Every structure is written in C-alpha cells, then in structure tokens.
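Asks: Just to be clear, the model below is a prediction. Sequence and coordinates:
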Amino acid sequence: MEETLRTAVQKALADAGASDTSFAIEWPTDFAHGDYSTNAAMAAAKALGKNPKELASELATSLKESLGETVESVTVAGPGFINFTLARPVISGIVKEAAALGSEWGRGAELEGKRYSIEYSCPNPFKEMHIGHLMSTVIGEALSRVIENEGATVIRDSYGGDVGPHVAKAVWALQKKGITEPANAKEVGDAYAHGSRAYEESEEAKTEIDALNRAIYVGNDRDLMELWRKGREVCLEEFKEIYKVLDTHFDYFFFESETAVPGMEVVKDGLARGVFEESQGAIIYNGEKKGLHTLVFVTSQGNPTYEAKEVGLAFLIEERVPSDVRYILTAAEQVGHFAVVKAALEDIGPLVAAKTSHVPHGFLRLTTGKMSSREGSVITATDLIADIIKVARERNEDSLIAQAVAIGAIKYMILRQAAGGDIIFDVDKSLSLEGDSGPYLQYALVRARKILSYAPEKLLDAEAPATPYTLERLIVRFPEVARQAAADHAPHAITQYLTKLAGEWNSFYASEQVLGSDGEAYKLVLAKAFATTMENGLRMLAIPAPERM
RNA sequence: GCCUUCGUAGCUCAAUGGAUAGAGCAUCUCACUCCUAACGAGACGAUGUAGGUUCGAUUCCUGCCGAAGGCACCA
C-alpha cells in the first residue's frame, strides 16, 4: 500500500515539475487525519516557488484521480500535508486477507535470499548466566525473527569465553576445594567468585592463577583439562535448559579456545604486514591513527586478548558459516573495544569487516544497586525467571501457563524499549503483570481466541459496516510495521505496535458485542484478523501465546 | 583530560525533521446481571539550558549543565 502511494505521489510531483523532491509517506498521528499522509507538497513548494498549501491541493486533485478507487479521500490539512483515507473495500479486503492468511500474514520479502549471521547471548562458561545475558538472548532472538520475517536466512551463534583469566580463576578455586566434578553451574560460578577474590587479595594465588591460565591455553595437563572440560560442560547444559525455556536456539556455539589459535595467526600475519605493532613486549593495534584507542591484541605473556580472539572468530565464522551480513550483539560497554577490532579487521580483511556490525544493547540495571559477581549480588537468569513464575503462579494454577505468562512478562520488559538503552529494573514493579506488559498482549489474544472458539468456521464472506473500526486500520499496518522493524533492527517497534493493537482490541471488546450481535459475521472476521496479527507479532518477539489465562 | 551514548510527565519508556509530543505505573473520577475486569472510559501531568540551521526541531549543529560507559596486557 505504501508503495502504491509512493509511486502515485512520485508521478504527481513529476507532473508538477519537481521529480527529484525527496518526500515521506507516513502514518498520521491520528486516524482522523487519514490512513497515510505525505509531506511532498511542503518539501517541493520551495523549489517550485509555490505556496505549499496551494501546491498540496493541486497534487491532491491529481492524486485523487490517479489512485481512483483505492482511496476514499485525498485531503489537504495543516501546513500542507496531503492525507489519504483508504477506501472502505480496500480496508475490509486487507482485514479479510489477514484473517485468511494465518501465519503468513505480515511476512515480507525484503531480505529474500540473504544470509544473516547473528551472534548473541554469549554467556561465559565457568559462570552462571546472569540477567545481562538474558537480555542479549531475548533481543537477539527477536531481532533474528524480525529479520527472518522478511525472508532472510538467519544463522544464530553464541560465542563464549572458555579460556582466559576468568576461567583460570574458577578452575583454580575448584582445584583448591578438591572438586573434580562440579555438580552445577552455581558451584562453578561460586568458584569463580572465590578465585576472583583470591586473585586480588593474594600474590601467591595471583601467580598460581596466571600459570593456570597459561596451562589451559597449552592444554597438555590431562587432569586439568578434564576438570576444565567438565566445568564447561555443566555450565553449557544449564544454558541450554534456559534457552529452551526462552524459546531460542543456536546453530553454532563458538568458543575462545577455538579462536585463540586463528586469532594469534592473524595477528602475527598482520604484524608482519605492519597492521599491528610491538610495544612493551605486547602486540598492539594503534587505534590513534583512526581516532580510536590503542589496544593490546597479544599480551606480553604471549596470550591473545579478547580483541585478537574476536578477529580470529571473524575469519573462523567466515570460513565455516559464510553470510552476507553479520551482527554481533554485545553490551554497550564494549563499543570502544569493538570499534578497534573493526578498525583492525578493515586493515586485514576489508570484505569481512564491511559486512560485520556491532549491535550494542544496554544493561539491565537494578534500582537496588549495581550487580557484582564478586559480591555475590548477581541476579542469575534462572533466579529471575523463577521469581516471575512464582508471581504468575498466583493467578494460574497450570504451571505451563504460569511459565508462558512469566516469560512473556520478562521478554516484554526487555523488548518494549529501544535496545541500546539500559533497562532500569525495579524488582517489585517488574513483578507486576498489569498495564503495558507481556500479559496484556497475551490476555487480549486469549479473549479473541475465546470468542472465535464459540464461532463456527464459516467466516470470511461477511459484509463490512460502512465505517471501518480503528482496529481494522491498525491491522492493515502490520506488514509495514514488520518491514520497518527489520530495516531498523528494532524489535521494539513490534512491541509498541502490538501494545497499541491490543489496546484497540480491548476497546472494541468493551464496546462491541461480537457473538449474537448485528454484523456478527464481520466482527468475527475482525476478531480472527486481530488474533492472527497478534499471534504473528508475538511469534516475531518469541513471546509465548497461552491458550487461556 | 579525551572519546562514545544519553537527558521527554512524580516514576519507567515511545515518537522515519512535521499536524494537538504518545503509553503504562502512581493519584483522582466513572464503569462489573453482558463473548474472561490481567479489561474499558475520563481527569491530572513533560521535551535539562542558551543559541544556530530549517517553511517546520524532542529529532540535525555548537556551547553550557547533568548522568552512564570506555580510554594497553579482563571480557
């Protein structure tokens, strides 16, 4: 629809002698203004030396003609907006289409044939998964689905740090405690906290841990590597359990233990070519020349840092899972580091660098203070999920429904706002499942499905009332909202839209009787179209849709 | 000190350079014999500050104030 209007406006402008004007087709703030509007007249007025309002009415006249039966009216308003109101049959036609299409409704083809590689979640084994990773996981899955909805193939991967100082700290403490087979991720996480404290408090521990770090890179000590393998495994098993609950999955898991070697090779090669420099025994990338920081890629001890491994990973993935576009989701605190990694990558492999982008997300911050893994004030993903389920349980005896409601509430909280910003997480308030929330969307859908469950399967050929409901005009927008969300990497645009849609449905529900009413047939079509839109929208966000609540 | 991001209602968030800046929470009204009230209707209430660009600025640019993060051997 937007394309139709764009083409028509483009032609009208060309006829008026302003073919190179750039203009927007947008949604008016209020449906009272119409279904679409354009600023074309205001944008072209100056170049043509005309009064915007006069130009607008000239354009409106010719647009009304060229659009014919697509529109009910084309009017001029305000400083020179041209407003389009869609014709009644066009709106009801799209509503019926939505009701009939089912899961295909809202699907786009904008990214057809493209392969995306998206990296997210990325918890480190040897620690528990905390709410920061939960956030990355939820955003990454939603972004993946929003992109898939436009026809792209998305390959998901998670990348974990299974070697390096933090691992050595955990393994060191496990050894000290005489644990050869850790029982769960918590035990390993506690060991990390213990080792981390010892590293700062004791010179002796520090020396031992540094040696252990090196030994793990080398990997010759059988007992040590066995403990390392078991510690990693027990954490990964727990991560996979959480992914199941969150309805996400990964095609690949990459680990730093695999990227260390290729990372070292790339850096050595780059050193020979003058991309990197030696300084104080370390190998660095001089970012100053590009207005960035200078960072160490290989330490003076000969270990690759995060940066070197990241570069190694870029080539490893390019080899194993080639793609057209690669997104890496990490916390915003890493933007500076990532900028340096990308700068180095541009010097070494410009093609790989060109398709790689960093998508930063904020922190989940607590109103009660900062999280610290050393002080044990970390909220783990498991604990948060369990807490919210407990609240949902109060109103749902069925534990599966309680879980669906809880997961919906958590995901909504994360996906309601732009991904880049921090989320202020008030434990008490986020336990409330009312207002703008996941359950609000789920409940709206449950009510629509209930009505549909009473109705026989004889919908679709219903006659629409003369005036469209606002709900209908909102449903019409869904495919365009989805396309825009994919283009902007903005799953939250879907969340915002669904919240508005649910509100409109609830208003309709409160003021209109469906079953047994006049015009029941069309209202059922509308209920079906709403339910389909909500189902497909929730699916894009990976928010579960329980059958009842 | 330098770099990045940010500053919208009492609180938490929206708003591809456009029309009367939208929601939820909180507070106050109203509404439950009706398809599930985890709902609906209404009231109250906001663009840090000073300039600039523009027909038009929450949005772009500059200064100031304030916040968060980053700035070589952690990730």
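Replies: Arrived safely, thanks for sending.
Asks: burial of the residue in the stretch 151-300 of chain A positioned nearest to RNA strand B, as a residue count?
Replies: Residue nearest to RNA strand B within the stretch 151-300 of chain A (CB to the nearest atom of the strand): A:Thr299, separated by 2.5 Å. Just so you know, the C-beta spots here come from the backbone N, C-alpha and C atoms, and that holds for glycine as well. By other CB atoms under 10 Å, the residues close to A:Thr299 number 13.
Asks: Ok, A:Val266 next?
Replies: Using other CB under 10 Å as the criterion, the residues surrounding A:Val266 number 26.
Asks: for it, helix, strand, or coil?
Replies: helix (DSSP: H, G, I helix; E, B strand; the rest coil).
Asks: average pLDDT across the strand or helix carrying A:Phe508?
Replies: For A:Phe508, the host element (DSSP states H and E) is helix A:491-511. The predicted model gives helix A:491-511 an average pLDDT of 96.
Asks: can you give me the offset of it from its chain's centre?
Replies: 20 Å (CA atoms, centre = their mean, to the nearest Å).
Asks: just stretch A:204-218 next, same as before
Replies: With CA atoms, centre = their mean, you get 38 Å for stretch A:204-218.
Asks: quick one: contacts of that stretch?
Replies: The contact list for stretch A:204-218 (CB atoms under 8 Å, 6 or more residues apart in numbering) reads A:163-165, A:167-169, A:171-172, A:195, A:198-200, A:221, A:224-225, A:228, A:260, A:301, A:303.
Asks: if you look at these, which of them are in helices?
Replies: Here DSSP state H is the test, and those give A:165, A:167-169, A:171-172, A:195, A:198-200, A:224-225, A:228, A:260 as lying in helices.
Asks: for the helix or strand harbouring A:Gln484, packing partners?
Replies: Per DSSP H and E: A:Gln484 is located in helix A:478-488. Judged by 3 or more CB pairs under 8 Å, 6 or more residues apart in numbering; DSSP states H and E, the packing partners of helix A:478-488 are helix A:131-148, helix A:491-511, helix A:520-541.
Asks: For RNA strand B, tell me whether it is touching it.
Replies: No: shown here: helix A:478-488 not in contact with RNA strand B (CB under 7 Å from any atom of the strand), separated by at least 7.6 Å.
Asks: circling back: verify the stated contact: the residue of the stretch 151-300 of chain A closest to RNA strand B with A:Ala282.
Replies: Yes: between A:Thr299 and A:Ala282 there is a contact at 5.6 Å, judged by CB atoms under 8 Å.
Asks: which residues are common contacts for the two?
Replies: Common neighbours of A:Thr299 and A:Ala282 (CB under 8 Å, 6+ apart) do not exist.
Asks: Need the buried ones from the contacts of stretch A:204-218 selected in ChimeraX.
Replies: Those of the contacts of stretch A:204-218 that count as buried under 16 or more other CB atoms under 10 Å are selected in ChimeraX with:
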select /A:163,164,167,168,169,171,172,195,198,199,224,228,260,303
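Asks: Could you pull out the buried residues of stretch A:169-182?
Replies: For stretch A:169-182, the buried set under the neighbour-count rule, 16+ other CB under 10 Å, comprises A:169-175, A:179, A:182.
Asks: what is the mean pLDDT for it?
Replies: Mean predicted confidence for stretch A:169-182 is 94.
Asks: which stretches of the stretch 101-250 of chain A have low pLDDT?
Replies: Across the stretch 101-250 of chain A, not a single residue meets the criterion (pLDDT under 70).
Asks: Oops, could you answer that again for the stretch 351-500 of chain A instead?
Replies: The model of the stretch 351-500 of chain A has pLDDT under 70 over residues A:366-377, A:427-431, A:456-461.
Asks: Over to stretch A:318-334 now: how far is its first residue from its last?
Replies: With CA to CA, to the nearest Å as the measure, stretch A:318-334 spans 22 Å from end to end.
Asks: Does at least one residue of it sit close to RNA strand B?
Replies: Yes: using CB under 7 Å from any atom of the strand, we find that stretch A:318-334 touches RNA strand B at A:332-334.
Asks: so for that stretch, what's the average pLDDT?
Replies: 95.
Asks: got the end-to-end distance for stretch A:542-549?
Replies: By CA to CA, one end of stretch A:542-549 lies 18 Å from the other end.
Asks: what does that stretch contact?
Replies: So stretch A:542-549 is contacted by A:138, A:141-142, A:145, A:246-248, A:395-396, A:400-401, A:404-405, A:407-408, A:411-412, A:415, A:438-439, A:441-443, A:445-446, A:449-450, A:534-535, A:538-539 (CB under 8 Å, 6+ apart).
Asks: ok, that stretch near RNA strand B or not?
Replies: Yes: using CB under 7 Å from any atom of the strand, stretch A:542-549 reaches RNA strand B at A:548-549.
Asks: List the buried residues of that stretch.
Replies: Quick answer for stretch A:542-549 (16+ other CB under 10 Å): A:542-546, A:549.
Asks: ok, now stretch A:317-328?
Replies: A:317-318, A:323, A:325-328.
Asks: ok, A:Thr70 touching A:Leu86?
Replies: Yes: using CB under 8 Å, A:Thr70 is in contact with A:Leu86, at 6.9 Å.
Asks: would you list every one of the helices in the stretch 201-350 of chain A?
Replies: A:203-218, A:222-246, A:256-272, A:306-320, A:335-348, A:350-355 (DSSP state H, counting those that start in this stretch).
Asks: Is there proximity between the second one and RNA strand B?
Replies: No: when contact is scored as CB under 7 Å from any atom of the strand, no part of helix A:222-246 falls within range of RNA strand B; the minimum is 13.8 Å.
Asks: can you check the first one too?
Replies: No: shown here: helix A:203-218 not in contact with RNA strand B (CB under 7 Å from any atom of the strand), separated by at least 7.6 Å.
Asks: give the contact list for the residue of the stretch 301-450 of chain A found nearest RNA strand B.
Replies: Here the residue of the stretch 301-450 of chain A nearest RNA strand B is A:Gly435; by CB to the nearest atom of the strand that distance is 2.4 Å. By CB under 8 Å, 6+ apart, no residues touch A:Gly435.
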